[in-house]
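Enquirer: Got a sequence here, can you model it:
(chains A and B)
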There are 2 protein chains.
Amino acid sequence: MAEVRIPFDDVLDKLHNVLLNYGFSEDKARLAASLFTKASLDGVASHGLNRFPDFLRMISKGYVKPDAEPVQTGKFGSFERWDGKLGPGNLNAYFCMNRTIDLAHENGLGCVALRNTNHWMRGGNYGWQAVEKNCIGICVTNTKPNLPAWGGSEVKLGNNPLVIAIPHQQKPVVLDLALSQYAYGKIAIYLKAGKQLPYDGGFDHEGNITKEPATILEKEMGLPIGLWKGAGLSLVLDLLISLLSEGDATAEIGQKEEEYGISQFFLCFHLPKLGIEEFPKDKVEAILEDLKSSEVFGEEKVRYPGENTLKVRRENEKRGIPVDPDIWEEISDIS
Amino acid sequence: MAEVRIPFDDVLDKLHNVLLNYGFSEDKARLAASLFTKASLDGVASHGLNRFPDFLRMISKGYVKPDAEPVQTGKFGSFERWDGKLGPGNLNAYFCMNRTIDLAHENGLGCVALRNTNHWMRGGNYGWQAVEKNCIGICVTNTKPNLPAWGGSEVKLGNNPLVIAIPHQQKPVVLDLALSQYAYGKIAIYLKAGKQLPYDGGFDHEGNITKEPATILEKEMGLPIGLWKGAGLSLVLDLLISLLSEGDATAEIGQKEEEYGISQFFLCFHLPKLGIEEFPKDKVEAILEDLKSSEVFGEEKVRYPGENTLKVRRENEKRGIPVDPDIWEEISDIS
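Expert: Numbers count the residues shown, from 1 in each chain, chains lettered A, B, ... in the order given. Okay, here's the model as predicted:
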């Protein structure tokens, strides 16, 4: 695939204009476009530009409502509950992380549970959002069923992406982790390339663990991280999210014809407000330095989550955002 | 190994009496003894009776101080910071989960960060403690380095056990999950039995993933759950815990001659206080029923975390606690 790079602002303007034609207000179109563009800027095209056509499809079908505004349904000190009213998942998540940050700046910690929302696209965006406001940020979303329970031969659990972000001016640590060992999109890339996965990624038809992409994709029998452990984690996160938000759990989402109306959870800590006078820059650095001093098997140093993101971001800021030519053509053709 | 079963109260009394001779007050001896006994009652002897001799060793060496009282070092609304003063890890964790529960009953959510504490033994105890008070409970501890970073050839990360517990009168869900695929103690049992692990559990000397217990144990190169994913999760949890508690991180614990003075984090939600009028019993049951309705590969139904615990507990309450005869003899011989 020939590399095509497009300047950040050109991508942003194009998406912005498309969204205006899909019923977004000026402000919402700008913000949603920037969240997609930033995902691609950070090297996460799978949840940036590449997902934009499907986002439009969900709007056209009426599952995602561009003009919906989140509504507060409960407030209890530093905890708030919101109803996303089926608005765009990225806008709702951005809004709720902002609320959580504000609550944390005010109280030291803040927590928001959100129901009736949609796919937040790239979860990492909201982790970066927190660290840019000097907060430790945690957020989790549930999803439709896309993983089997341990021992199960059908999908019952979500891969429920989890984001944990630690602020630091030069070295923020941002973990963006789905509970599946591989995304199905990634497995499809291996299939297309005629390659096995490098590590076990799912189950075959007898329930054995396998690296074979075709077998895994057939019934979407992906592997939860840590086998029974990730399966258990998926369940308790879904319970946590859906109970606190009074929203739909994975089982309920699975009853719908498409994945919409999901539930999410946001938690922030603002260290200075929690009596930690000086931001513990040195402590974070010491921990990361110790990690990076690790002896390694190969040539490359150990990396921490988010380390590569900043490098990729800087490069793409300079050289333009790498886009899949087919996707870019598809988006460019939308009036 | 012949099965030996001892009535709950006999185990409790024995441990209680031993602890009185190790400098514990009456109340503290009773509580610590009950936490050990309850772990074994629930079928987690590895972090119950079997760990008691090592607990005594840590006291004798002066790392664990039986008479230490936790001291509050900060209070900010529903967040509190405590210093464990190197007291017994199980007593400190029990105390801090209680504080967290009280804060949640008062404010809807409660959060406590704890530094200068010690190994909490069985983490699940504190999850059960939360659900018995109708709270969603989350707690995490860091540990000494006992897992490699992704690509690393030496231990740099902790297996940082994480507990998430969801209340329900008949069907509480309690996940107690270390970030290593297998505990080293478990791997040693396979080694002793001359068996391979059923799933990959660590790295060999070239950095390849292996099921071979001897190879894994040689350099303690255990596998983080989800490979690079669990390694990332370990790092961010350690940062979260050590920053919020102002306590030692895994790297700092690794500098010590033994694992002591570790850091922990506790978080609770009390649903009724968060405006959820009726406890959503039906919702939890519907989610668990959907999970358990999963088609399976084998004979057995899918299980949720904690389901088996209650069964084992009921059985051991009736028939006595199964003890390792060698361990029980060792404990019985302590005056």
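Enquirer: For burial, what's the neighbour tally of the nearest residue to A:L274 once chain neighbours are set aside?
Expert: What sits nearest to A:L274 in space, not counting adjacent residues and going by CB to CB, 6 or more residues apart in numbering or on different chains, is A:G108, at 4.3 Å. Every residue, glycine included, has its C-beta placed from N, CA and C. With neighbours defined by other CB atoms under 10 Å in any protein chain shown, the count for A:G108 comes to 25.
Enquirer: same question, A:G23
Expert: A:G23 has 13 neighbours, counted by other CB under 10 Å.
Enquirer: For it, list the residues it contacts.
Expert: Applying CB atoms under 8 Å, 6 or more residues apart in numbering or on different chains to A:G23 gives the contacts A:59, A:66-67.
Enquirer: Break down chain A into its strands, ranges please.
Expert: Read by DSSP state E, chain A holds these strands, from start to end of the chain: A:4-6, A:71-76, A:79-83, A:109-117, A:135-141, A:147-148, A:155-157, A:162-166, A:173-177, A:202-203, A:209-210, A:262-270, A:321-323.
Enquirer: Nearest to B:E330, out of the ones you listed?
Expert: When the strands of chain A are compared for distance to B:E330 using CB to CB, the nearest one is strand A:209-210, at 39.0 Å.
Enquirer: ok, so of the contacts of A:G23, who is nearest chain B?
Expert: A:D67 (27.3 Å; CB to the nearest CB).
Enquirer: hang on, A:L291 packs against A:P305?
Expert: No - A:L291 lies out of contact with A:P305 (CB atoms under 8 Å); the separation is 10.7 Å.
Enquirer: Overlap of the contact sets of those two?
Expert: Shared between the contact lists of A:L291 and A:P305 (criterion: CB under 8 Å, 6+ apart) are residues B:L235.
Enquirer: Give me the buried subset of the contacts of A:G23.
Expert: Buried members of the contacts of A:G23, scored by 16 or more other CB atoms under 10 Å in any protein chain shown, are A:59, A:66.
Enquirer: Go through the contacts of A:G23 and flag which are in helices.
Expert: Using DSSP state H to define helices, the subset of the contacts of A:G23 located there is A:I59.
Enquirer: Could you give the number of residues near A:L91?
Expert: For A:L91, the tally of surrounding residues (other CB under 10 Å) stands at 25.
Enquirer: wait, A:L217
Expert: 17.
Enquirer: same check, this time on A:A249
Expert: The local packing of A:A249 (other CB under 10 Å) involves 23 other residues.
Enquirer: Give me the nearest residue to it, chain neighbours excluded.
Expert: Nearest-residue entry for A:A249: A:S242, 3.8 Å, with adjacent residues in sequence omitted and distances by CB to CB, 6+ apart.
Enquirer: Need the per-residue pLDDT for that neighbour.
Expert: Per-residue confidence for A:S242 comes out at a pLDDT of 97.
Enquirer: And A:E300, how close does it get to A:R122?
Expert: Using CB to CB, to the nearest Å, one gets 25 Å for the distance from A:E300 to A:R122.
Enquirer: Among the two, which residue is more densely surrounded?
Expert: Summary of the neighbour comparison: A:E300 and A:R122, criterion other CB under 10 Å, with A:R122 having more neighbours (26 against 8).
Enquirer: what sits against that one?
Expert: A:35, A:38-39, A:42, A:44, A:47-48, A:90, A:176.
Enquirer: rerun at 7 Å
Expert: Applying CB atoms under 7 Å, 6 or more residues apart in numbering or on different chains, one finds that A:R122 lies in contact with A:39, A:44, A:47-48.
Enquirer: A:N160 contacts A:L239, doesn't it?
Expert: No - when contacts are counted by CB atoms under 7 Å, A:N160 is not listed as touching A:L239 (10.6 Å).
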